[in-house]
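In: What would the 3D arrangement of this be:
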Amino acid sequence: MTSIRQGRKDDLPRALELIRELAEYERASHEVSNTLELMEKDGFGPMPIFGFFVAENDKGIVGLSLYYWRYSTWKGKRLYLEDIIITEKERGNGIGKLLFDRTMQKCLEEDCSGMMWQVLGWNEPAIRFYKKYDAKLDDEWTNCSLERNQVEKLVNSSQ
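Out: This is a model prediction of the structure:
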């Protein structure tokens with residue numbers, strides 16, 4: 001039996017292991033620069049910016065759902081699901097559904113206007129999963145980002 005509960009600070013080492021496992025699955029291990037120290041500060045410091053749920057069974061923590069809040073100028077407060085991660089050996093056992101359902105409940109508890117997330121275009125199992133919920137899959141928007149070193153360079157060059 002798998003249970004879902006709010007993540008705690010002492011869950012962070014396992015959470016980071018799962019994050020690294022996901023990065024490997026997504027062929028991007030080299031992209032992970034997060035640390036336990038950062039996660040402690042960002043999730044459990046004076047101004048937490050994320051929360052998470054863990055899926056736990058007799059094998060320990062086998063999955064997580066990490067979320068935070070964003071603000072839409074059109075829609076107001078939204079819950080952003082950053083990742084649902086299930087360890088490889090436990091995939092296909094309904095754990096993703098348990099985590100997704102609990103995250104949707106959090107969206108309602110926090111009086112959000114909705115929930116958002118991303119899925120890689122090649123991740124067919126995840127896409128099929130989200131389609132079961134009748135989720136809107138939007139290919140109109142393009143993701144944009146700047147890494148810290150880029151921001152520093154740009155800010156310093158404009159001064």
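In: ok, and what's touching stretch 91-109?
Out: 2, 4, 51, 53, 55, 62-65, 67, 79, 81, 84, 86, 114-115, 125, 129, 133 (C-beta atoms under 8 Å, 6 or more residues apart in numbering). C-beta coordinates here come from the backbone N, C-alpha and C atoms, glycine included.
In: Are any of those buried, and if so which?
Out: 2, 4, 51, 53, 55, 62-65, 67, 79, 81, 84, 86, 115, 129 (16 or more other C-beta atoms under 10 Å).
In: Out of those residues, which is nearest to residue 34?
Out: residue 64 (13.4 Å; C-beta to C-beta).
In: List the beta-bridge partners for the closest one.
Out: residue 54, residue 85 (DSSP bridges).
In: residues contacting it?
Out: When contacts are counted by C-beta under 8 Å, 6+ apart, residue 64 touches 7, 11, 15, 18, 52-55, 83-85, 99.
In: Give me the secondary structure label for the nearest residue to residue 111 once chain neighbours are set aside.
Out: The shortest distance from residue 111 to any non-neighbouring residue, by C-beta to C-beta, 6 or more residues apart in numbering, is to residue 77 (7.0 Å). Following DSSP: H, G, I helix; E, B strand; the rest coil, the label given to residue 77 is strand.
In: and residue 77, how many neighbours does it have?
Out: 14 (other C-beta atoms under 10 Å).
In: Which residues does it form beta bridges with?
Out: Beta-bridge partners of residue 77, as defined by DSSP bridges: residue 71.
In: how near is it to residue 92?
Out: According to C-beta to C-beta, to the nearest Å, residue 77 and residue 92 sit 33 Å apart.
In: Counting neighbours, what do you get for the residue nearest to residue 32 when sequence neighbours are not counted?
Out: Excluding the flanking residues, the one nearest residue 32 by C-beta to C-beta, 6+ apart is residue 23, at 4.7 Å. Look at residue 23: counted by other C-beta under 10 Å, it has 17 neighbours.
In: Please, which helix or strand holds residue 23?
Out: According to DSSP states H and E, residue 23 maps onto helix 12-25.
In: buried set for that helix?
Out: For helix 12-25, by 16+ other C-beta under 10 Å, it's 12, 14-16, 18-19, 22-23.
In: Please save the CA atoms from the helix or strand just after that helix in PDB.
Out: Going down the chain from helix 12-25, the next helix or strand is helix 36-44, by DSSP H and E. As requested, the backbone C-alpha atoms of helix 36-44 are provided in PDB (Å, rounded to 0.1, in the frame of the first residue of the first chain):
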ATOM      1  CA  LEU A  36      20.400  19.800  -0.400                       C
ATOM      2  CA  GLU A  37      21.400  23.100   1.100                       C
ATOM      3  CA  LEU A  38      19.500  25.100  -1.500                       C
ATOM      4  CA  MET A  39      16.400  22.800  -1.200                       C
ATOM      5  CA  GLU A  40      16.500  23.300   2.600                       C
ATOM      6  CA  LYS A  41      16.700  27.000   2.300                       C
ATOM      7  CA  ASP A  42      14.100  27.300  -0.500                       C
ATOM      8  CA  GLY A  43      11.600  24.800   0.900                       C
ATOM      9  CA  PHE A  44      12.000  25.200   4.600                       C
END
